[in-house]
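# Pasting the sequence and the predicted model now:
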Amino acid sequence: MKKDQYLIEKNGNNYEVVIGLEVHAQVLSNSKLFSNSATKFGSEPNTQVSLVDAAFPGMLPVINEFCIRQAVKTGIGLNAKINKKSIFDRKNYFYADLPQGYQISQYKDPIVGEGSIVLDLPSGPKTIGIERLHLEQDAGKSIHDIDPSSTLVDLNRSGVALMEIVSKPDLRSPEEVNLYIKKLRSIMRYLGTCDGNMQEGSLRADVNVSVRKLGSDKFGTRCEIKNVNSIKFMQMAIEYEANRQAELLEEGGIIDQETRLFDTKKNQTRSMRSKEDAHDYRYFPDPDLLPLEFDDQFIEDIKSEIPELPDQKKDRFIEKFKLSPYEATILVSDLETSKYFEKVIKNSDVKLSANWITGELFALLNEKNIEIDQSPISPENLSKLINLISDGTISGKIAKTLFVEMSKGDKDPKKIVEEKGLKQQSDPKELEKIIDKVILDNPDNVQKYKSGKDKLFGFFVGQVMKASSGKANPKMVNDILKKKL
Amino acid sequence: MTDITNLTLTELVKKIKSKEICSKDITSNYIERSKSSKKLNTYIEETFDDALANSKKFDSKPDLEKKLPGIPIAVKDLYCTKNVKTTAGSKILENFVPSYESTVTQNLWNSGAILLGKLNCDEFAMGSSNETSHFGNVLSPIDNNLVPGGSSGGSASALAAKLTPATIGTDTGGSIRQPASFTGTVGLKPTYGSCSRYGIVAFASSLDQAGPMTRDVKDCALLLEVISSFDNKDSTSIDFKRPNYFSHLNKNIKGKKIGIPKEYRVEGMPAEIEKLWENGKEYLKNCGAEIIDISLPHTKYALPTYYIVAPAEASSNLARYDGVKYGFRVEGENLIDMYEKTRSQGFGDEVKRRIMIGTYVLSSGYYDAYYLKAQKVRKLIKNDFDEAFNKVDAILTPSTPSSAFKVGEKMNDPVSMYLNDIFTVPVNLAGLPGISIPAGLDENNYPLGLQLIGKPFDEQGILNIAYSMEEKINFKLNTSDWWIK
């Protein structure tokens, strides 16, 4: 058993949890997969609906080439096989928010085949297999809680392009799921193929969970938890579900292969439908669309548009800037963070920049619950702050005060230093004056120090800093104090 | 001016261009005759007032450069027409008014034609006798109590009864050619992909094609030239150089090789059909063509293949008629109840039968045995034709295995009804162009048609052969106007 392995323990038996994810990622595109309707989130209901989206008689789907490019791009970002021929199928079922009575999806021949994602676990890298990526239409939205007697339907989302990204059952813990989703999201954001916004539903997942006794190499029966829309809920659902299954097995029960729902109020999963009740979707190739075919040149053209991805960027940061793998991983995990970092280090010390971003800045963003691109402190001003430390103008302690001041409105730190007189005292004569006074005022402690109580050195430093209102250059204070004592 | 309705389309165009007659004269004559021909039940929706207004508008500023200048035309009610009720012969669309125009009808109006009304057809084009329409069966002008064929029965009847100078139908398995054969008129199904399917109520997407129905071959060439166009709103539309079919019409077919497929000599075929075919060969020989015996070995599988593929696609295409968005709805206790009541009452028996067949053949466990196998056979049927066209320029067959039958004769025997399309169905499965021309009469003086099948995109080839045969056959359609009070 590995040290950091996630296991469910029941009656002294350890169960390993096996997880596979089907992520639905909305393709970043101004128009829908088979129509030219807009895809803007949060628009008035039914204002982004074409005759095709509403399935009027005689209306036909026409593929949006941009969405194809986005899917291929994502496939390349997942180190995956790109299928030069793929087929759109109809998945047939009736529902009020599915105007055609079928969803156009890809069944047997998806646009993207096997690929992989590397997770940075504390124990080292772990590769998670990608089974496939296919394109499909989103459905509309049924709204049950506005009108007491009817269901209302909003078709704005109907026909929006989704990428369904199916992982292999390689994930083993809620934490791995967290890292997987974040990594996938990060790759797609780097590529500009999905904004990854989970609040707006741009990224949701069906979670397949099974358990097996530790050491067994056979998969247990899995349950699919449908449409979970936050990492936190995914983790809670997995934990609940894994415990439920392990308990059931311990009681001598068997797991039914079924589809379950996660109830976010009770933090429980509950059965939605069993395998026997599963829909027969009657998939068949959509006769309104020809097979999707493209050549190597098409793929090469898209490859040439691929930016530096998180893994490559991380390697570069480690090699070029001598960052630790840990620091580099954090700084590249989000495209905006990495951009921020690269802006700051243009004119500033790399190590200090990394520390300040992952330390003070992240804490500030967390506290304000905002993303780095909304940071109240611009990379230019953070760079200036760091330079003020590097050239000895201010102490680290003053810098922290200054940082708080800057966060209230993106002010130039140099100006604050001048206005508030926060400049570090580095004039040896001035410092000697203060130090002399401290020594004179504390004869007892001087005596004790000289008789061997080394720890008291810190007391003198503290007194000097206090007397200088924190502005004294700490290094110089140290040097002079040592001489004088 | 009663002679006007006796003129062919080409003659009308000539006379209007030479200003011998005006659009209003033509239009009012057709309106008058249509009004006195209600007994045939050809129209579902009459747009006579608008037609008359449009003809006057045309006359006030005639554009004589157009191909169909001021020509009134009634069309099959499967074409969506902007602001004009479009029912597809079904109760479920009985009050449906599209806000859009099909590409094919738009091509008509762009060429100067004027909409006269919407013509009856079998419900969703499913039928071979125009008896499945929610709006009642259509009678053939050929004889009292005779079916006009189907599904474009209203079109064929209106054309033969001279209620429209020409018309357009749709052909999924013979729906243009069989009624043309029954009514002594010319009907052409173009190569799949020639005419846009945009705005045509879909029956079976991989088989549906729009096509002209006219009084003679010249008219057919002219009308095909108008309606055939590449359309990027239909992904299966094919961008090929479309010739000027009309001006390229040529009677010289000397040296053309015409194939006679032995498999079309089906068991139980009446002697008069056999004789008709023999006569056809003679006409061709007299025109200087060479007759070659060929084999299309998979012909016997065509009908069963068609009755898997077409219903499968139809079952999915018709899922959109669910009472949610537009069309007929019966309120229910809940969503499922609403679906069931709406579709039970909204669809007729033949449509329900085909939805059930289609649903069945796509179901899991049956898909491979039926749908997949049918697709493989379809390929073999296509290969048969490809092979044959290495040896011949066109293929001659009877259009139907019998002449028109009585109303009600086959309604309780769907299989016998389906057998009517035995010679036309293979052409749709292979996506080829086919034309039916009147070639003789049976013992009751009911018309019989011969079919010419061409290579893909060689509409010109079969039009030329038909043109040359037409002269030799010299068929005259005589109706006694028995239906006019």
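Okay, I see it.
# Now do the strands in the stretch 101-250 of chain A.
Along the stretch 101-250 of chain A, the stretches classed as strands by DSSP state E, counting those that start in this stretch are A:102-105, A:115-121, A:124-137, A:141-143, A:152-154, A:161-167, A:203-213, A:223-228.
# And the longest one, what's buried?
Within strand A:124-137, the residues that qualify as buried by neighbour count (16 or more other CB atoms under 10 Å in any protein chain shown) are A:Lys126, A:Ile128, A:Ile130, A:Glu131, A:Arg132, A:Leu133, A:His134, A:Leu135, A:Glu136, A:Gln137. Every residue, glycine included, has its C-beta placed from N, CA and C.
# ok, of these, which one's closest to A:Leu98?
A:Leu98 has its nearest neighbour among the buried residues of strand A:124-137 in A:Gln137, at 9.0 Å by CB to CB.
# where in the stretch 251-400 of chain A is pLDDT low?
By pLDDT under 70, the stretch 251-400 of chain A has no low-scoring segment.
# how about the residues of it that lie near chain B?
Within the stretch 251-400 of chain A, the residues that sit near chain B (CB under 8 Å from any CB of the partner chain) are A:Asp280, A:Arg282, A:Tyr283, A:Phe284, A:Pro287, A:Asp288, A:Leu289, A:Leu290.
# Can you get me a residue count around residue 202?
No chain in the question, so chain A it is. Around A:Ser202 there are 21 other residues, counting by other CB atoms under 10 Å in any protein chain shown.
# that's the other chain; I wanted chain B
Residues near B:Ala202, counting by other CB under 10 Å: 25.
# next one: B:Glu65
B:Glu65 is flanked by 9 other residues according to other CB under 10 Å.
# Give the phi and psi angles for the closest residue to B:Leu249 other than its chain neighbours, as a check.
Leaving out its chain neighbours, the residue that sits closest to B:Leu249 by CB to CB, 6 or more residues apart in numbering or on different chains is B:Ala221, at 5.0 Å. Dihedral pair for B:Ala221: phi -60, psi -40, per degrees, to the nearest 10.
# these two touch, right, B:Ala221 and B:Arg242?
No: with contact defined as CB atoms under 8 Å, B:Ala221 does not reach B:Arg242; the gap is 11.7 Å.
# Ok, which of the strands of the stretch 101-250 of chain A comes nearest chain B?
strand A:102-105 (5.5 Å; CB to the nearest CB).
# Partner strands of the closest one and their direction?
Using DSSP bridges, the strands paired with strand A:102-105 in its sheet are strand A:89-92 (antiparallel).
# just how off-centre is the partner strand within its chain?
32 Å (CA atoms, centre = their mean, to the nearest Å).
# more neighbours, B:Ala221 and B:Arg242?
The neighbour count for B:Ala221 versus B:Arg242, taken as other CB under 10 Å, is higher for B:Ala221 (27 against 17).
# Closest residue of the stretch 351-485 of chain B to chain A?
Here the residue of the stretch 351-485 of chain B nearest chain A is B:Leu362; by CB to the nearest CB that distance is 3.8 Å.
# which SS state does the closest residue to that residue other than its chain neighbours fall under?
Closest residue to B:Leu362 in three dimensions, ignoring its sequence neighbours and counting by CB to CB, 6+ apart: A:Arg282, at 3.8 Å. For A:Arg282, the assignment made with DSSP: H, G, I helix; E, B strand; the rest coil gives coil.
# what sits against A:Arg282?
By CB atoms under 8 Å, 6 or more residues apart in numbering or on different chains, the residues touching A:Arg282 are A:Arg90, A:Asn92, B:Ser315, B:Ser316, B:Thr359, B:Leu362, B:Ser363, B:Ser364, B:Tyr367.
# how close does the last one sit to B:Lys376?
The reference is to B:Tyr367. Separation of B:Tyr367 from B:Lys376 (CB to CB, to the nearest Å) stands at 13 Å.
# In terms of packing, which of these two has more residues around it?
Neighbours per residue (other CB under 10 Å) separate B:Tyr367 from B:Lys376, with B:Tyr367 holding more: 17 against 10.
# so that one touches B:Tyr360, yeah?
No: at 10.0 Å, B:Tyr367 does not count as touching B:Tyr360 under the criterion of CB under 8 Å.
# neighbours around the residue of the stretch 1-150 of chain A found nearest chain B, how many?
Nearest residue of the stretch 1-150 of chain A to chain B, counting by CB to the nearest CB: A:Gly101, 2.3 Å away. A:Gly101 has 21 neighbours, counted by other CB under 10 Å.
# next one: A:Ser210
Neighbour count of A:Ser210, defined by other CB under 10 Å: 21.
# Bridged to it, which residues?
Per DSSP bridges, the residues bridged to A:Ser210 are A:Val18.
# Pull up the per-residue confidence for it.
pLDDT for A:Ser210: 97.
# Spatially central residue for chain A, please.
A:Lys182 (3.4 Å; CA atoms, centre = their mean).
# How about it: what's its closest non-neighbour residue?
A:Ser333 (6.6 Å).
# The one you found and A:Ser186 touch, don't they?
Yes: if you go by CB under 8 Å, A:Ser333 and A:Ser186 touch, sitting 5.6 Å apart.
# Show me which of these two is the more surrounded one.
Neighbour totals were compared for A:Ser333 and A:Ser186, and A:Ser186 leads with 22 against 18 (other CB under 10 Å).
# Now find how far off-centre stretch B:82-95 is within its chain.
19 Å.
# And stretch B:311-319, by the same measure?
Relative to its parent chain, stretch B:311-319 has a centroid offset of 20 Å by CA atoms, centre = their mean.
# Quick one: end-to-end length of stretch A:108-116, please.
20 Å (CA to CA, to the nearest Å).
# Enumerate every residue touching whichever residue of the stretch 201-350 of chain B sits closest to chain A.
At 2.3 Å from chain A, B:Ala319 is the closest residue in the stretch 201-350 of chain B, using CB to the nearest CB. By CB under 8 Å, 6+ apart, B:Ala319 lies in contact with A:Asn92, A:Phe94, A:Gln100, A:Gly101, A:Tyr102.
# give me the number of residues near residue 214?
All of this is about chain A. Neighbour count for A:Leu214, taken as other CB under 10 Å: 14.
# look at chain B instead
25.
# hmm, back to that, need the max-distance pair from the contacts of B:Ala319.
Between any two of the contacts of B:Ala319 (CB to CB), the greatest distance is 10.3 Å, for A:Phe94 and A:Gln100.
# And these two? Which one has more around it.
Neighbours around A:Phe94 and A:Gln100, counted as other CB under 10 Å, are more numerous at A:Gln100. The numbers are 26 against 15.
# isn't that one right up against B:Arg320?
Yes: using CB under 8 Å, A:Gln100 is in contact with B:Arg320, at 5.4 Å.
# shared neighbours of those two, anything?
Counting by CB under 8 Å, 6+ apart, the residues touching both A:Gln100 and B:Arg320 are A:Ala55.
# which residues touch the nearest residue to B:Lys254 once chain neighbours are set aside?
Nearest residue to B:Lys254, sequence neighbours excluded (CB to CB, 6+ apart): B:Gly288, at 3.6 Å. Residues near B:Gly288 by CB under 8 Å, 6+ apart: B:Asn252, B:Ile253, B:Lys254, B:Gly255, B:Lys256.
# related to what we said a few turns ago, list buried residues within the residues of the stretch 251-400 of chain A next to chain B.
Judged by 16+ other CB under 10 Å, buried ones among these: A:Arg282, A:Tyr283, A:Phe284, A:Pro287, A:Asp288, A:Leu289.
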